[in-house]
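Peer 1: mind folding the following:
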Amino acid sequence: MKLENIELTFDNFSREMEKLYKEKHFDYLVTIVGEDFGEEGLGCIYILENTQSHARCSTKVIAKQIGEDYVIPSVLKLWHAADLLEREVYDFLGIKFLGHPDMRRLFMRNDFQGWPLRKDFDMSPEANRFPETDEPAEDWTTEWNLDRDGKLVATRHPLMDEDDFVMNFGPNHPSTHGVLRLETIVSGETIKHVYPHLGYIHRGMEKMAESMTYPQTLGFTDRLNYLCAMMHRHALVGVIEEAMGVELKDRGITQVSMNLTDYSKTAIYRAFEMVRFEAKRYGVSIIGSEIVGLVPMEALIDTASYYLGLENFSMQQVLEARIME
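Peer 2: Model prediction:
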C-alpha cells in the first residue's frame, strides 16, 4: 500500500497530528517506528489509518535534542495505542515522549544500560553480559515535560497505592511463542491496573539485521511465531521487493526484483510476462533476467515448456531426472 508521507517538525508536530485525527479522521494509530537516522538525528515514523475510507498516511518527525536527551511530544491523548508503542521506542532508542505518564522500559530490564537500537550502541559481548541478579522491582514511574525555559523536568508517579496488592500472572506461556508476565494491581477484588512485561519474548532481531543482507534476515521473521512463519516472511519479502525497484544508473536500466514462494501457483514465466506487460505500457523493453539462489528443476522445465511450446512434455524426458531415480 502506497502511503502519503508527511514530514513534520518538532514545533508543529502536536498541532498537525491533532488535525489528522480530528479533521481527516485518521483514528487508528497502526504503529510507531523509532529510528536512528544518523546525522539527521533520532526520530519516529507514525503510520495512521482512516477506518472509514481505509486510507493510510505516514508522518515523520525528528526528535528535539536537549542536552543529551531526545524528546518528542506524546500522542497518547489522541491514540491510546501510543501507550505501549511510545514506551517501546523509549526502551530501544531513548526518546522521551513529553506528557506520557509512564515513561519506563517495556522490553529490556529496567536496570539495562544504554539504548540498543542506536547506531553507536556497543554490541561487544563484554558490554552485554547476561545479568546474574534478579531484576529490581519498580514502585515509581516518570513523566517528562518541558518547563517555560525549555528545560526537561521529571515528575514521578507511583505505580500503586499503599493499600494496593500486587498479583503476578506469569511468566507463563499464553499459547504463543514466548512468555508473558502481567503485573496486576488490585484493590480488594477490583483490578485497578495491569502492567505488561514483554521482554521475555524479545529476540533483538532488529539489531542483528543491521549487519546482514536482506536474504540473511528472512530467517528472523520465520521465528517470530512458528504458527505463521510464512506470513511473516511474506510480509518482509514484500517490503524488500518494493524497495528493490532501484535505478541502475551506470547501465541506464531499472531492476524489478521479486520472490516467488510457490512456483506451482505463480510460474516463473507468468511473473516474467507480467513484468513485460507492465513495462510495455510505459514504452520500456526487457533486456534480460537473472535467478538468484537455488531453483527447483521443475520450475525451469515448466518455463522451458511454455516458451518452447512443448507438447506432452514430462520430467521423465529429462536426462538428469532419470539418472537420479
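Peer 1: residue ranges with poor pLDDT in the protein?
Peer 2: Applying pLDDT under 70 to the chain flags the ranges 1-2, 172-178, 200-203, 226, 245-251.
Peer 1: mind running it again at 80?
Peer 2: Counting by pLDDT under 80, the ranges of the chain that qualify are 1-4, 170-180, 199-204, 222-230, 234, 237-261, 292-294, 315, 318, 320-325.
Peer 1: what would stretch 261-276 look like as CSV? C-alpha coordinates only.
Peer 2: Only the C-alpha atoms of stretch 261-276 are listed here, as CSV (Å, rounded to 0.1, in the frame of the first residue of the first chain):
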residue,chain,number,x,y,z
THR,A,261,7.2,-18.6,-2.8
ASP,A,262,5.3,-21.2,-4.8
TYR,A,263,6.2,-21.7,-8.4
SER,A,264,3.3,-24.2,-8.9
LYS,A,265,0.9,-21.3,-8.4
THR,A,266,2.9,-18.5,-9.8
ALA,A,267,5.2,-19.8,-12.5
ILE,A,268,8.4,-18.1,-13.4
TYR,A,269,7.2,-17.4,-16.9
ARG,A,270,4.0,-15.8,-15.6
ALA,A,271,5.9,-13.4,-13.4
PHE,A,272,8.2,-12.6,-16.3
GLU,A,273,5.4,-12.0,-18.7
MET,A,274,3.5,-9.7,-16.3
VAL,A,275,6.6,-7.6,-15.9
ARG,A,276,7.0,-7.5,-19.7
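Peer 1: just the buried residues of that stretch, please?
Peer 2: Judged by neighbour count (16 or more other C-beta atoms under 10 Å), stretch 261-276 contains these buried residues: 263, 267, 268, 269, 271, 272. Where you see a C-beta, it was placed from the backbone N, CA and C, and this is true even at glycine.
Peer 1: right, and the pair among those with maximum separation?
Peer 2: Spanning the widest gap among the buried residues of stretch 261-276 are 263 and 272, at 12.0 Å by C-beta to C-beta.
Peer 1: test my guess that residue 16 contacts residue 61.
Peer 2: No: under the criterion of C-beta atoms under 8 Å, residue 16 lies out of contact with residue 61, with a separation of 9.2 Å.
Peer 1: look at those two and report which has more neighbours.
Peer 2: In this view residue 16 and residue 61 are compared by other C-beta atoms under 10 Å, and residue 61 has more residues nearby, 21 against 15.
Peer 1: list residues touching both of residue 16 and residue 61?
Peer 2: Between them, residue 16 and residue 61 share the neighbouring residues residue 8, with contact defined by C-beta atoms under 8 Å, 6 or more residues apart in numbering.
Peer 1: how far away is the closest residue to residue 81 other than its chain neighbours from residue 129?
Peer 2: Distances taken as C-beta to C-beta, 6 or more residues apart in numbering place residue 29 nearest to residue 81, at 4.6 Å, with adjacent residues excluded. Taking C-beta to C-beta, to the nearest Å as the measure, residue 29 falls 37 Å from residue 129.
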